[in-house]
Structure formats: structure tokens, C-alpha cells
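Novice: Kindly return the folded structure for what I paste below:
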Amino acid sequence: MAVALFAFSLFLNTRNNDFPFSYHPDEGGKTIQVIQYMRNYHHPLLMLSATDIISRVAFIPRESQPIVETGRGVSAAFAAGAVVALALIARLRYGTVAGWGAGFAVALQVDLFETAHYMKEDPALLFGLAVSLLAAQVWWMQPSARTLRWLGIACGIATAGKYLGIVSLAFAVPLVIWHRATDPSFDRRARLKLFAIAFGVTFLLGNLPLFAYKLSSPFRSIRNEMKGVAGGHRGITREVPHTEYLETLQKNMPPAVLLLAGAYTLIVVVTARRRTGPEWASLLFPLGYLAVISCSPKIADRYLLPVNVLLPFLGVLGAAEIGRLIGGTGPGPRKVIGVLVLAGLSAFQVNAQLPAFRRSFDGFTHDDPTAVAEWIKVNLPADAVIAEDHRVNLSPTKANGVSKNARVPQKVYNANFAPDLGTLDELLKKGVTHVAICKQSYGRYFKDETKPRDGVKTGFDKRREFYARVLEEGELVQEWPSGTISYLQPGIKLFRVAPAKN
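Specialist: Okay, here's the model as predicted:
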């Protein structure tokens, strides 16, 4: 089952993942870290180190596009590993049918599928968290030095995947303290010591070379990341705690998933006395994780990944509990009915997930930045001058030099945000005739709940004023609406901001 689910998930997650590395604003910088063997320590090094090792073993060219596709393959493998880990938990608790149900429900979770298509740390974090929950289950069932060591290793992997993975200790440490091993000499202090050693060694090994350049580098980068988490990102903040993630769950999560996960929650609460520590951990962890990220003004859909993935998993556990209530625990026809109920409800949930999955799968086959470039080549004069948001990707030039090749013959001024190139009047003086912007960039400046961080109001207002003028005064020449995959269909609009030449 584990091998089949891993292969199935890896196959899905590696479909259509060869789009240009410049589409995602973070991937170019990550490829440079691998190619030049340098690290900025914005995140732990597990994903980058795995990509580096695999690219060398497989003799992958040290160029950005081959490296980014290798990194995306690594992300896909971490995602597939998370699928297997959660399926094994379901199997240990409720049997093989539940294992298969949980595996397919998680493998077809749309956010996992999308995130696994990028060279990002989030699948590594999810893998570590899923393996930590599995190791906690095994430790509880068979408490020994060996299983405790694996729990420490799993939590170390989670933290080496992303700094936020340290939240795995929130459920692991209490389980280590509360559950005693069969050996009386293996007391609480000995257990915590063994766990801490396994955790620390794994984290350090996953982050080699941690201090390769400057002793202060990792700490400085961690501090900067924490400032972003606490204060906001790219000059934007919002009131906390906020309800953005709850609204996202309500909007995007299939009702069947929420219904079955809710049923599992209710059954566990009603039968609380006979529930084990790992059962409470798998139920309460996504709730606690949601509360933690809802207290940060730094928002991105991928931050919700552990919650989005664990909800279908809990939904299948809910189906298993309902099947157990109907079928009982003994053998006979009633048990068969219970298994059929479990299989039917699991299939019902997976079927409810399929429409969103199909939309995302199709989304990765459609590339708007390429369509924009082809349209401009045909319809704009060669002497047109274009200012663009970087995510439009006509000229994927970045400060770190990942690419210098324009995708159109026209002259292109490029910045992460077009307003950073200057005011509209300043750009007109430079000869700019067109401005290409995308909703993923300008949309954040027109949300009521967002506001500038302290000390950056001038920059916030400058960007908002620029976009407002372009939207109001510019002549809309062509539009490519936002699509399912934000990096491939970011919602591009092309405006003429200077009179057309006769």
C-alpha cells in the first residue's frame, strides 16, 4: 500500500511541472543557492540540500531551469511521503480499507497537489509533520527506545523542513512525558534526553552546512523571517487574529470533507475517555496550527497546507468511526457492512474533492505569461516600451541575475512591482508606452483588511496610487483573467498609458 500510494502521488505531483522558473518569485533565488552553493538561511536547508544532492548524483546541468525542475521533483517526493505517512496512521488505527481511503483522499487534496509543483519548503514541512504524527502513533503502540528515537528524528525532520516545524514538539513532548515505556528504568528524564538527542542531531544533519559562511548568518535570517511573521510581509500588515484562513477553508474545502471531519471530532469528544494521546494529537494539532497562523499578518494560501491536508485525513477517520459504529468490532455480516460504509463514505469524500483537483490539474496545462508574450509580439509595435510587474514575466530579469533574456522584442522595464520603477509620470518621461500588471501583485493594495506596516506607509501609498492611476487612466488593451493556478494565470492586464503613434 505504501509503495503504491507513493508512486501514485509522485506521478500526479510531477505532471506539468516544467514551466519557467521565473514564474514563482522565490524559485529563481533558490536555484541560485543550489548552483552557487550558498545559503541565505531564510528557511532550513533540508529541501535545498536534497535538491543539491540529487542534482549532483543525477548529473543535472547547473542551470536554473533544470535545477528548479529537480527541486520540484523533490517537493513532489516529500508530498508523496506525507501521503504515505497519513495513510499508514489510518491503517494502524482502522485497518487497510481506511489506509487506502486516507491515502487517496490526501493524494487528491488540491492544495497539496499545487504546492508540490514548486521548489518550496512547504511539502518538506508537511512531510515532517506527517511522519511525526506517524512516529507518535508507533511510539504509543510500542513504547521503546527505538520508537522514541524515531519520534525525535521525525520532529527533527519537520523542523529541518521549515522553522515552523518546531510546532511538532507541541504534541510530541507531551506524549513522551505521559506515555511510559515497559522498562521501569526508562523514566521521564531518560525519555526526554533520548528524544532531545535524536531531535537535535537530525535537525543539525538536515541543515548542514549550518555555519558554512558566517556564524551569525542563520540567526540573522531567522530573526528577519520572524519579523516578517510578526509584522507582515512586503510592507503590508493586517489586524490579528484574523479570519482569512477560516474564510478560505469555508470557501474551498468540500462540504463532504468538513462534514466527515466534523463527525470524527464529535465522536472523539463523546468517547473522550477511551481515546489515546496520538488520536488527540491528530485532532487537535490542525486546530492549534490554524490558531497559530491566524495570529500572523503574513498570509499565503500555502501556509494553510497542513490544515488543508489533515482535514481530508480526519474525514476518512470520521468515515471509519461511522463504519465502526454501524458494524461493531466483532466478525460477521455486521462487520462487513461497517467496512462497506467506511469504503462508501471515503469514496464519497474523494469524489467531492475531484472537481477542484481536475481544475488545478488543467490549470497547470495553461500558461498565461507565454500567451501574453506571444500576443505582444504580434500586436504591439517593435518600438513600444513596457513597464511590468515581475509576475507578468515578459523580461524575467531579477536582481540575483537568474535570467537576462527578454521574451519579447520590445524594451521592457521590470520590477517585482511596477510602481518601484518610478511614478507613472516618470515612466512616461522614459518613453514607457504600456504597463503590464497582474492582479496577484496589485490586488493586495485594494483590500480593506490590509494596511501598511509601521515605517513603510510612503511605499504602500506610492504603489497603490500608481496602480490606481493605471487602472483608471490607462487604456485597457488586452486582459488575461486570473485562473486556477496563480503563478501561471496571475490575472494580467495590459494598458496603453501613452497615445498610440499614427
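
Novice: ok, residues contacting stretch 323-336?
Specialist: 94, 267, 337-342, 345 (CB atoms under 8 Å, 6 or more residues apart in numbering). Yep, even glycine has a C-beta here, placed from its N, CA and C like the rest.

Novice: list the buried ones in that stretch?
Specialist: Neighbour-count burial for stretch 323-336, counted by 16 or more other CB atoms under 10 Å, picks out 323-324, 327, 335.

Novice: closest to residue 366 among the residues you listed?
Specialist: Proximity of the buried residues of stretch 323-336 to residue 366 (CB to CB) peaks at residue 323, which lies at 39.9 Å.

Novice: And that closest one, which helix or strand is it part of?
Specialist: Using DSSP states H and E, residue 323 maps to helix 305-327.

Novice: Pull out the buried positions in the next helix or strand after that helix.
Specialist: With elements assigned by DSSP H and E, the helix or strand that comes after helix 305-327 is helix 333-363. With burial defined by 16+ other CB under 10 Å, the residues of helix 333-363 counted as buried are 335, 338-339, 341-343, 345-346, 349-350, 352-353, 356-357, 360-361, 363.

Novice: And for stretch 245-257?
Specialist: Buried-residue list, stretch 245-257, by 16+ other CB under 10 Å: 245, 248-249, 253-254, 256-257.

Novice: Would you map out the domains in this structure?
Specialist: 2-363, 368-496 (automatic domain parsing).

Novice: By mean pLDDT, show me the worst of the ones you listed.
Specialist: Lowest mean pLDDT of the domains of the chain: domain 368-496, a mean of 87.

Novice: doesn't residue 152 make contact with residue 132?
Specialist: No: Residue 132 is beyond contact range of residue 152, at 9.6 Å (criterion: CB atoms under 8 Å).

Novice: Could you pull out the strands in this structure for me?
Specialist: 236-238, 385-389, 411-415, 434-438, 450-452, 475-482, 490-496 (DSSP state E).

Novice: and the last one, which strands flank it?
Specialist: So the one you mean is strand 490-496. strand 434-438 (antiparallel), strand 475-482 (antiparallel) (DSSP bridges).

Novice: what's the most buried one of the ones you listed?
Specialist: Most buried of those by mean neighbour count (mean count of other CB atoms under 10 Å) is strand 434-438; its value is a mean of 26.

Novice: Kindly provide the distance from residue 358 to residue 110.
Specialist: Going from residue 358 to residue 110 by CB to CB, to the nearest Å gives 9 Å.

Novice: Could you do residue 58 as well?
Specialist: Residue 58 is 29 Å from residue 110, by CB to CB.

Novice: More neighbours: these two, which one.
Specialist: More crowded of residue 58 and residue 110, by other CB atoms under 10 Å: residue 110, with 23 against 10.

Novice: I'd say that one and residue 356 touch.
Specialist: Yes: at 4.5 Å, residue 110 counts as touching residue 356 under the criterion of CB under 8 Å.

Novice: Name the residues contacting each of those two.
Specialist: Residues within reach of residue 110 and of residue 356 at once, by CB under 8 Å, 6+ apart, are residue 252.

Novice: who's in contact with the residue nearest to residue 473 when sequence neighbours are not counted?
Specialist: Leaving aside its sequence neighbours, residue 473 sits nearest to residue 497 (CB to CB, 6 or more residues apart in numbering; 7.4 Å). By CB under 8 Å, 6+ apart, the contact list for residue 497 reads 424, 427-428, 432-435, 470, 473-475.

Novice: Of these - the most surrounded one?
Specialist: residue 435 (30 neighbours).

Novice: Give the bridge partners for it, please.
Specialist: Applying DSSP bridges, one finds that residue 435 bridges with residue 387, residue 495.

Novice: ok so, going back, next one: phi and psi at the residue nearest to residue 473?
Specialist: Main-chain torsions, residue 497, degrees, to the nearest 10: phi -120, psi 0.

Novice: Lovely, talk soon.
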